[in-house]
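Chemist: sequence plus predicted model, see below.
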Amino acid sequence: MQTANSFISAFARLGDFLRQFPEGEADGEGEASAQLSELNHTHKDAFAEIIETEHIFNPWFTKDSVLRALSGIAQMLKPEVLRQWLAPYDLTPPPARLVRTVGLVMAGNIPLVGFHDLLCVLASGHRVLAKLSSKDDRLIKKVAEILSDIDPALGGHIELTDETLKGVDAVIATGSNNSARYFEYYFRNMPHIIRKNRNGIAVLTGEESEDELYRLGEDIFTYFGMGCRNVTKIFIPDSYDLTKLLGVLDRFSHLNQHHKYGNNVDYYRTLYLMNQAPILDNWVLLLKEESAIASPVGVVFYERYSEIGQVQEQLDLHKEEIQCIVSNLTEISGAIAPGETQQPMPWDYADGVDTLEFLKELV
């Protein structure tokens, strides 16, 4: 039976292994260092090769994007972070007869996007049956293999498949608004969490420093803007000069050299110009005035406001479309600072639904 301490120990070792790729191999000694050396002997070269070649299988998964994802997961897997996350739940491993099989339908929009769901299911003591996305199957398979090597008991609770989920007791499915309707129907007779499209938004005051605007750029451009926590819409004061923001975001101009991203920007620039839609353009990002929350890759929508109450009304109206909010305004409940959208902790649950509490209630 898996205990909280053994769970934390296993995932902390996984975190140490993953951390060395974005941060470099740390000097160390003792048992932890010996354990990492053992993992490296078996897995490091193969994992490094996956990182280097992932862009061949999915052009959006550049080396920089994969390393960014690994860095975020490694931060999440620090022992003190895991203890802080699990402490409020008073988790007791369920007896064998109450262990459930939880189906995971994983997305493939950013590298290892389904990892947190796998982490939650294993923390709850249940079994994972995960249907992988064809866009992101190599990384998660290797991570599961490494975890199984670290702790065979945990590995025995993981099954990965490319087939339709069958024989599951509950489901956590992530997809588009269209696929969510299918999931809601198909899994209607069992406990489920169904996630739809969501995006990040930012509320600016005009008082942000150049450094804060640059960090907002990271919230926009990381993973080419394809994550549910990427900022796709900004609210700005009526008098806000967007040329200042575009000037700072010029620092991300290298992204235009990525053929798929650059093609996306070119496509929407052409489309908007043909439709005579006003846009601002710095050749790596298009800004378009629009009331919608979700924008295409390479485009950020903006909307002006005269008082913050107007923004709050829009946030309430679109709350089912918003994953996170970036702002320095204290009036905006739950807002985070610029640059933090892609650094979620284990307790930052997608769509605000407590995944671990949901899993606890399956027993």
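Modeler: Great, that's in hand. Residues are numbered from 1 along each chain as shown.
Chemist: where does Ser179 sit, in terms of helix or strand?
Modeler: Element membership for Ser179 (DSSP states H and E) is helix 177-186.
Chemist: what segments of the stretch 151-300 of the chain are strands?
Modeler: In the stretch 151-300 of the chain, the strands defined using DSSP state E, counting those that start in this stretch lie at 158-161, 170-174, 192-195, 199-203, 231-237, 280-281, 286-289, 299-305.
Chemist: strand partners (parallel or antiparallel) of the fifth one?
Modeler: In this case it means strand 231-237. Strand 231-237 pairs in its sheet with strand 199-203 (parallel), strand 299-305 (parallel), by DSSP bridges.
Chemist: would you mind getting the angle between the helix holding Ser179 and strand 170-174?
Modeler: With axes from the mean of the first three to the mean of the last three Cα atoms, to 10 degrees defining the directions, helix 177-186 sits at 170 degrees from strand 170-174.
Chemist: what packs against the longest helix along the chain?
Modeler: For the chain, the longest helix by residue count, based on DSSP state H, is helix 4-23. Secondary-structure packing of helix 4-23 (3 or more Cβ pairs under 8 Å, 6 or more residues apart in numbering; DSSP states H and E): helix 31-39, helix 45-57, helix 63-76, helix 79-86, helix 115-124, helix 138-150, helix 152-155. All C-beta spots, glycine's among them, are computed from the backbone N, C-alpha and C.
Chemist: on that earlier part again, now distance to His318 and mean pLDDT too, for the strands of the stretch 151-300 of the chain, in a markdown table please.
Modeler: Formatted as a markdown table, the strands of the stretch 151-300 of the chain follow (distance: least, Cβ to Cβ, whole Å; pLDDT from 0 to 100):
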| stretch | distance to His318 | mean pLDDT |
| --- | --- | --- |
| strand 158-161 | 35 | 97 |
| strand 170-174 | 19 | 97 |
| strand 192-195 | 16 | 97 |
| strand 199-203 | 8 | 98 |
| strand 231-237 | 9 | 98 |
| strand 280-281 | 23 | 98 |
| strand 286-289 | 16 | 98 |
| strand 299-305 | 11 | 98 |
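Chemist: mean neighbour count and distance to Gly225 for those - can I get that in CSV?
Modeler: Listed next are these as CSV, based on neighbours: other Cβ atoms under 10 Å; distance: least, Cβ to Cβ, whole Å:
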stretch, mean neighbour count, distance to Gly225
strand 158-161, 15, 28
strand 170-174, 24, 18
strand 192-195, 21, 18
strand 199-203, 25, 9
strand 231-237, 23, 7
strand 280-281, 16, 16
strand 286-289, 19, 11
strand 299-305, 20, 8
